[in-house]
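Colleague: fold the stuff below for me.
(one chain, ligands or ions: 2)
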Amino acid sequence: MRSLKGRDLLSISDLTRDEIIHILEVARLFKTRYYAGEKIIPVLKGKSLAMIFQKPSTRTRVSFEVAMYELGGHALYLNWNDLQLGRGETIADTARTLSRYVNGITARVLRHLDLVELAQYASIPVINALSDLEHPCQALADVFTIWEKKGKYEGIKIAFIGDGSDNVLHSLLLACSKLGINVVIATPPGYEPRPEILKSAEESAIRSGSTIDIIRDPENAVKAADVIYTDVWVSMGQEVEREKRIRDLSRYRVSLDLIKLAKGDVIFMHCLPARRGEEVDNEVIDGKWSVVWDQAENRLHVQKAVLALLL
Ligand code: CP
Ligand code: NVA
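Modeller: Numbering: from 1, shown residues only. Ligands and ions are numbered 1, 2, ... in the order given. Take a look at the predicted model:
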């Protein structure tokens, strides 16, 4: 396995199966020690992380900032529009400048290509904190949560209900197909995953022996599912399409009736924030199936592993 030190994390495709497993094992170590009372493990003492946000965030921002603090380092929250970026300084010049001050950059951007450009000109690791294409840190925390709750990856069936072209789903699909988790996506026509993501996931699935199915019918998708996952119907930046998306996706709500069709010990996952009453009903997200708060907490432990290994 190549060392992760100095590498970027823009996409789950940047990681091999063994590298993902290594990150998750390190995350488990951090979590175990956290619960043993050892919150502060200063492996990044003296290091700084610039966190650029072009869109709002609760979990990603707070978990990265707290992770840096608990690793002995420092995090700077930088709103895109408060930087000179907002006044037209180029991404390349911003990357070159930040590389002289800090040891890593995490960025949440509207356009994935801007992230690629940032990484191209930065001489330090760049981590994707969500783009229109992917959300790799979320997917790592998600497969970690599945491992924690189900004790394995291979043979697990996850049913994703909703927008099949969702950034969170893209990363989850890439991660699951590397780890041998079977994925069924129930989505309407026109909402399928982006072709380049699907192609890459299909290649991984062949190697891991897992399956990927894209179907229309949510009831069929959840049959024998170990995990049901959904995300919002209208992602950040898609607000102008709101009415059409709600119309197209209204059949893809995770309701009590739907979850009862899955396995008895099915778990419900959502990256959050949720639009309660749209993609998920209160009875589900607040019900016995829901692991969404553990899932949110795991962002902290998994990002500690990512930061410790990359920086
Ligand atoms: N899941 C997630 O990334 O949440 P935030 O948008 O609150 O960071
Ligand atoms: N798909 C959602 C995820 C938020 C964490 C969005 O991009 O808004």
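Colleague: flag every residue of the stretch 1-150 of the chain that's near ligand 1.
Modeller: For the stretch 1-150 of the chain, the contact set with ligand 1 under CB under 6 Å from any ligand atom comprises 57-60, 130, 138. In this view, the C-beta of every residue, glycine as well, is placed from N, C-alpha and C.
Colleague: now list the buried members of these.
Modeller: By neighbour count, with 16 or more other CB atoms under 10 Å, those hold 57, 59-60, 130, 138 as buried.
Colleague: can you tell me which two in those are farthest apart?
Modeller: Maximum pairwise distance among these (CB to CB): 11.1 Å, between 57 and 138.
Colleague: anything in contact with each of these two?
Modeller: Contact criterion CB atoms under 8 Å, 6 or more residues apart in numbering; residues shared by residue 57 and residue 138: residue 130.
Colleague: if we can go back for a sec, which among the residues of the stretch 1-150 of the chain next to ligand 1 are in contact with ligand 2?
Modeller: Contacts with ligand 2 within those, as defined by CB under 6 Å from any ligand atom: residue 130.
Colleague: just how off-centre is stretch 180-199 within its chain?
Modeller: Here stretch 180-199 is found 16 Å from its chain centre; the criterion is CA atoms, centre = their mean, to the nearest Å.
Colleague: also stretch 20-35?
Modeller: Mean-position distance between stretch 20-35 and its chain equals 17 Å (CA atoms, centre = their mean).
Colleague: what's in contact with that stretch?
Modeller: Stretch 20-35 is contacted by residues 1, 4, 12, 15, 41, 140, 143-144, 147, 175, 178-179, 298, 301-302, 304-306, 308-309 when judged by CB under 8 Å, 6+ apart.
Colleague: returning to that earlier point: redo the buried ones among the residues of the stretch 1-150 of the chain next to ligand 1 as CSV? Include pLDDT and secondary structure.
Modeller: Shown next, in CSV, are those (pLDDT from 0 to 100; DSSP: H, G, I helix; E, B strand; the rest coil):
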residue, pLDDT, secondary structure
57, 98, coil
59, 98, helix
60, 98, helix
130, 98, coil
138, 99, helix
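Colleague: which of those residues sits closest to residue 290?
Modeller: Of all those, the one with the least separation from residue 290 (CB to CB) is residue 59, at 15.7 Å.
Colleague: I figured the closest one hits residue 299, correct?
Modeller: Yes: using CB atoms under 8 Å, residue 59 is in contact with residue 299, at 5.5 Å.
Colleague: inside strands: which ones of the contacts of stretch 20-35?
Modeller: Among the contacts of stretch 20-35, none falls in strands (DSSP state E).
Colleague: now, of those, which are buried?
Modeller: The neighbour count (16+ other CB under 10 Å) marks 4, 12, 15, 41, 140, 143-144, 147, 175, 178-179, 298, 301-302, 304-306, 308-309 as buried among the contacts of stretch 20-35.
Colleague: quick one: the helices in this structure, in order.
Modeller: Here the chain has its helices, by DSSP state H, at 17-35, 59-70, 91-99, 112-121, 136-150, 167-179, 195-208, 218-221, 242-249, 256-259, 282-285, 292-310.
Colleague: nearest to residue 158, of the ones you listed?
Modeller: Across those, residue 158 has its closest neighbour in helix 167-179 (6.2 Å, CB to CB).
Colleague: elements contacting the closest one?
Modeller: helix 17-35, helix 136-150, strand 157-161, strand 182-186, helix 195-208 (3 or more CB pairs under 8 Å, 6 or more residues apart in numbering; DSSP states H and E).
Colleague: let's see that with 7 Å instead.
Modeller: In terms of contacts (3 or more CB pairs under 7 Å, 6 or more residues apart in numbering; DSSP states H and E), helix 167-179 is packed against helix 17-35, helix 136-150, strand 182-186, helix 195-208.
Colleague: picking up where we left off before, in CSV: the buried ones among the residues of the stretch 1-150 of the chain next to ligand 1, plus distance to residue 208.
Modeller: CSV is the format used below for these (distance: CB to CB, whole Å):
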residue, distance to residue 208
57, 31
59, 28
60, 27
130, 25
138, 20
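Colleague: ligand 2 contacts on the stretch 1-150 of the chain?
Modeller: Proximity of the stretch 1-150 of the chain to ligand 2, by CB under 6 Å from any ligand atom, involves residues residue 130.
Colleague: mind doing that once more with 8 Å?
Modeller: Counting by CB under 8 Å from any ligand atom, the stretch 1-150 of the chain comes close to ligand 2 at 55, 57, 59-60, 130, 132, 135, 138.
Colleague: surely residue 304 meets residue 67?
Modeller: Yes: in terms of CB atoms under 7 Å, residue 304 counts as a neighbour of residue 67; the distance is 4.6 Å.
Colleague: good, wrapping up.
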